[in-house]
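Chemist: Give the three-dimensional model of this entry:
(chains A, B and C)
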Amino acid sequence: MSNAPQQQDTAVRMSGIEMRFGPVRANRGASLEVARGEIHALVGENGAGKSTLMRVLSGMYVPNAGTVEVSGRDVTGWSTARAIESGVGMVHQHFMLVPTLTVAENVILGRELTKGGQLDRARAVAEVRTLSERTGLLVDPARMVRDLSVGEAQRVEILKALYRGAKILILDEPTAVLSPPEIEELWQVLRGMRDAGDTIVLITHKLDEVMAISDTVTVMRQGETVGRVATRGTSPADLARLMVGRDVTLAADMAHHASTTAGAHQQEQGAAALEVRDLVVQGARGVTAVNHVSFSVRPGEILGIAGVEGNGQTELIEAIAGLRAPRGGSIHLGSADVTSMAVRPRGDAGLSHIPEDRHERGLILDFSIADNLVLGQQHRFRKGALLDHARIAENATTQVATYDIRPTDSSLPARALSGGNQQKIVIAREMSRDFTVLLAAQPTRGVDVGAIEFIHAQLRQAREAGKAVLLVSADLAEVLALSDRVAVMYEGKIVALLPRAEATIERLGAFMTGAEHAA
Amino acid sequence: MRKLLILVGALFVVHVALLFVRPSGAAQPPAAGDALDIGIVFDVGGRGDKSFNDGAYNGAERAAKELGARVRFVEPGDGSDREAGLRLLAAEGVDLVIGVGFIFTDDLTQLAREYPNTRFAGVDYSVGSDKDGKVILPPANLAALKFREEEGSYLVGSLAALVSKSKKVGFVGGMNFPLIQKFEAGYIAGVQHVCPKCTVVSQYAGVTPEAFRNPGKGKELALSQYQQGVDVIFHASGSTGLGVFEAARQTGHLAIGVDADQYAEAPGYILTSMVKGVDAAVFDAIKRTKENTFKGGIYQFGLAEQGVGYVYDEHNKALIPAAVRAQLEQIRAEIIAGRIKVPSSR
Amino acid sequence: MMTREKFEEAVLPPVVALLVAMLVGDALILLFGQSPGAVYRMLLEGTWGNAYGLGQVLYKATTLTFTGLAVAIGLRAGLFNIGAESQLAAGGFMAAVVGLAIPAGVPALLLLPVYFLAAALAGGAVGALPGWLKARFGAHEVITTIMLNFVVLALLNYLISSRFKVPDTLHTRELASGRLPRLDAFLPAFHGSAANVVLLLALAAAVLVGWFLFRTRAGFELRATGLQPAAAEYGGVKVGRVWWHAMAISGALAGIGGLNYVLGYKGYYEEGFATGAGFLGIAVALVGRSHPVGIVLAALLFATLSQGGLAVNALVPKQMVDVLQAVVIIAVATSVPEVRRLLRGFRRSNDA
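Modeler: Residues are numbered from 1 along each chain as shown, chains lettered A, B, ... in the order given. All right, here's what the predicted structure looks like:
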């Protein structure tokens, strides 16, 4: 308890934070000041050190240098347990819930209410219900977590933090998995909490969110804090410049441009390069993830598939790529039926694939950049049974230069690169091969603004070159910016297939939540 | 990474410091000298079997005490270590190298030839025979210490039959092969001698040396035998027998130990033990070495040489009536006199 | 090119593990009332201190190199082959059985490929089965290889004791042809030690495995599968096929290790000729970081411990060296990334 009045208004003050992981300096003297009762956006490209800084605040990391003050008290180097006690709670990007327990059980996990040694379920449910109603985080406490939608699961995570008495709530990229209406609901909840006096720190790299919800913005770049501004006094372009350190073209600005050029490309239509007929695919646990889906993509066209994640997009792409056997229907590349082909012959038949999860599928993180640049092409880079290391190195030199992959030493493991540069390896590999159809699944996820710009340009270039591009993205702005036609997937079905001109955020949002059915 | 380097340094310093610690009781490694140096190699996993291998250990310990011998024990880690152990000792120039167990036969023979000036002894050394059935003698510097287990087994077989109320007795062997079959054959003959109507339930724990180290299996076999009405079981199965004793204790029946006096393993449930004088034989070989009377060849230890026998002392007196004791001593005398022929195979 | 950091990262954890093990050894030795300095000196003198001891170390390291390479191939493919023990025995057994049918007087050099093939096929078959079960039915290879150990070893026991053994022993007849010379044939100083020219086969195998893993396309795909099966699949690799191929190669390597005893040392197959060498191969592979150079070094280390255990047996019980080995394994296992990845893999497969 400090007497200085100025400090009472300050919920969090971090200064000079240094956080090193081996040779990597994730935070270099970063600072942050959050006033009590505000929504504070912490923005920056991927790898700028936002999450690290917040993990220092929530007690997960002990900084190498610098001080952390919460409510005027020096708490540098505290533990997560102490942080929670003191009312600092963090909601992580990846949910940490037990799927086989109920909402109430998950919320009270770790501080179970007992009655005579037994879990007092009734009281737990009642308490969680009260909290849920008070905050507007509506979710039935008696339901199993595994039955919840992603949006609901996130509410449970927030409830969990609040149940533990969080007064300072940190949210790490909370909207990545939400549909536009869900995002709007979340904003309502956060505003309500702010008005009740709670403090919220929101980690994001989406500038429209920053503008929509925050009061104050702190911008980080390469581990340093480069700016702290009032939201009202700034613009997305200013923030982007701060984040990247130079001028950038934002996706939202491109949307208009894309829609005007789309018409021209559709004129050049010929036979479909990729055609999917009546496709049925099973997902995990035997549920039908893709339910009788048909569409086609023509050369020189980008077909964008929008939708909340988990509505069958992953399974659809995997089925087309040959990674998941469909249960019904057929897939055609040009005139060839590839439905039962293995992955490699599909590639040879002209299919290129930017997978949605570069850490699991797109890259082998412990392989070198050079080796990753030939993954899937290893049968083309060989001398007999041996790999042709000379050609692999030569290829790497070319690609690293062409696609501006950094660092340029292609013998480094892919793991050592930033998200954006990792994705550039995937892009370089998939774009430099001979292909007619490109599957691009979440091509800019977790990638910084500069790289997004680059990747979008690459996708457009592919279209100009007459390739057929199937784009799947959870980022509606991206879909709108790039696509000539937009499809919406909901519960395994394509519920809408609209020309770009007719696709507005509002219409698509309605389709994405199943509120409207067409097609 | 620097932390790790510091850790490496610190650990190293502590380690080096410890190297110079010399506890007061620390032994000096054996060096050549006038003293009598003896080396014994046990079988893989043999030490601690409370019977055969430990018998050899006891004999050596006694020699250490009474004869002032310096004894080195080697416990091999795998099959190829048997020869390595023998060789290590032979190369160090110990006066007598002893291999404990039939499995040392080949290695002992070979090393005895390679080191003609070193004395070797093999407990349970299996003497081979050529095509015409003639015994192949071991090398002149190798003593084969063999036991007439069938004779001792005959006595405990008779004893078992005499005290059995159900007229049903059991046998649990370790590895099923000729050496253990000798025990079985003698035992059955002993039973039949005093009680032709008695039945013998006979089982083995396996066909590999593992069968001598499997108490679980021993217990399983013994329990099933007791269940069938057997009330005395004789085991010849190394540490597998510990399971037999466990079963005896659990069901309140009797068991007969082997090789050494095993009374202490299950006091009150051990009728007797068919003792095999491994300790005496080993002690004897060491003594001959000291007295320079050691000679190669085949040594048979039977009842007459008191190389085998059964335990009768204050612990198990109560279990063996005086009349039974007298009858057993009678049989012993007849075997020694050659009036009873004891079979050594089934 | 290996940077200094990379080198330290690769070498330091095993070094720390080794030091921790030695400290535990110090404590144990003191507990037995002996001087650590004296025991360690004796250990070194009995192993690297004389030609015979060195020969024994080389002999043991030969078998361990094979089983270590076998386990490493599995690890590189993301598989934990616990079955090297029975694959080794099967290889040795098959070589001996084939050898029994060959008359005397056939040159060893001519026969080597035959024995080699017999051992590799037998070990490979025992290895391939769990690989195939995993590819086909998703059966976890840890479970199946452990179970197969019991089955195969019991089967070999039975075959030896019922059909092949010389009476009063646990081994087959001696092979009439094809035995390989021991090292003392060239260097008399090695006299008496079991070290033999199979040692050269082991070194060749290490070189070949390195070449296969890091130079060939199949090795590329195997490593990819081991690191990230999903990414390998995406890269056009048939993951199931890589699994069973890797297990077959792994088993074949272990099987060839059986020649060390059968052709190089005794000239016959004996029940339990290399008890524990298969399991120790796991430790060798982990300590050697699944790299051929590391494996050869780790094999020498464990062989030294094993032979040294005999040498110091007069001062401390054999169990001390067993404990020492166990501590090395535990210390390394907790510090090596490969193990952490495997554990992660288990967690993942549990989640699914």
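Chemist: Tell me where the stretch 201-350 of chain C has strands.
Modeler: With DSSP state E, counting those that start in this stretch, there are no strands along the stretch 201-350 of chain C.
Chemist: Would you tell me which residues of it are close to chain A?
Modeler: C:215-218, C:220-221, C:223-224, C:227-228, C:230-236, C:238 (C-beta under 8 Å from any C-beta of the partner chain). Heads up, the C-betas are built off the backbone N, CA and C, glycines and all.
Chemist: For ChimeraX, what selects the buried ones among those residues?
Modeler: A single ChimeraX command suffices to select whichever of these are buried according to 16 or more other C-beta atoms under 10 Å in any protein chain shown:
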select /C:216,217,218,220,221,223,224,227,228,230,231,232,233,234,235,236,238
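Chemist: State the number of residues packed around C:Asn50.
Modeler: 14 (other C-beta atoms under 10 Å in any protein chain shown).
Chemist: Need the pLDDT of it.
Modeler: With respect to pLDDT, C:Asn50 has a value of 87.
Chemist: What distance do you get for it to C:Leu183?
Modeler: From C:Asn50 across to C:Leu183, the span is 14 Å (C-beta to C-beta, to the nearest Å).
Chemist: go on, A:Ala370?
Modeler: 42 Å.
Chemist: cool, A:Ala321 as well?
Modeler: 55 Å.
Chemist: same question, C:Thr225
Modeler: In terms of C-beta to C-beta, C:Thr225 sits 39 Å off from C:Leu183.
Chemist: quick one, which of these two is more surrounded?
Modeler: More crowded of C:Thr225 and C:Leu183, by other C-beta under 10 Å: C:Thr225, with 28 against 23.
Chemist: these two touch, right, the more buried one and C:Gly240?
Modeler: No: in this structure, C:Thr225 is not within contact of C:Gly240 by C-beta atoms under 8 Å, at 9.6 Å.
Chemist: from the chain's centre, how far out does the helix or strand hosting B:Val201 sit?
Modeler: Secondary structure from DSSP states H and E places B:Val201 in strand B:199-206. From the chain centre to the centre of strand B:199-206 is a distance of 20 Å (C-alpha atoms, centre = their mean, to the nearest Å).
Chemist: which residues touch it?
Modeler: With C-beta atoms under 8 Å, 6 or more residues apart in numbering or on different chains as the test, strand B:199-206 has contacts from B:167-176, B:180, B:184, B:187-188, B:191, B:211-212, B:214, B:217-218, B:221, B:225, B:228, B:230, B:237, B:240, C:157.
Chemist: mind redoing it with 6 Å?
Modeler: For strand B:199-206, contacts defined as C-beta atoms under 6 Å, 6 or more residues apart in numbering or on different chains pick out B:168-174, B:176, B:184, B:188, B:191, B:211, B:214, B:217, B:221, B:225, B:230, B:237, B:240.
Chemist: again, but for stretch A:333-347
Modeler: Contacts of stretch A:333-347 (C-beta under 6 Å, 6+ apart): A:Gly322, A:Ser330, A:Ile331, A:Ala349, A:Gly350, A:Leu351, C:Gly236.
Chemist: now do stretch A:278-298
Modeler: For stretch A:278-298, the surrounding residues in contact (C-beta under 6 Å, 6+ apart) are A:269, A:272-277, A:303, A:312, A:315-316, A:319, A:326-329, A:468, A:470, A:492-494.
Chemist: May I have the residues that are in contact with the residue in the stretch 101-250 of chain A that chain C sits nearest to?
Modeler: The stretch 101-250 of chain A approaches chain C most closely through A:Arg146 (12.1 Å), counting by C-beta to the nearest C-beta. By C-beta under 6 Å, 6+ apart, the contact list for A:Arg146 reads A:Pro99.
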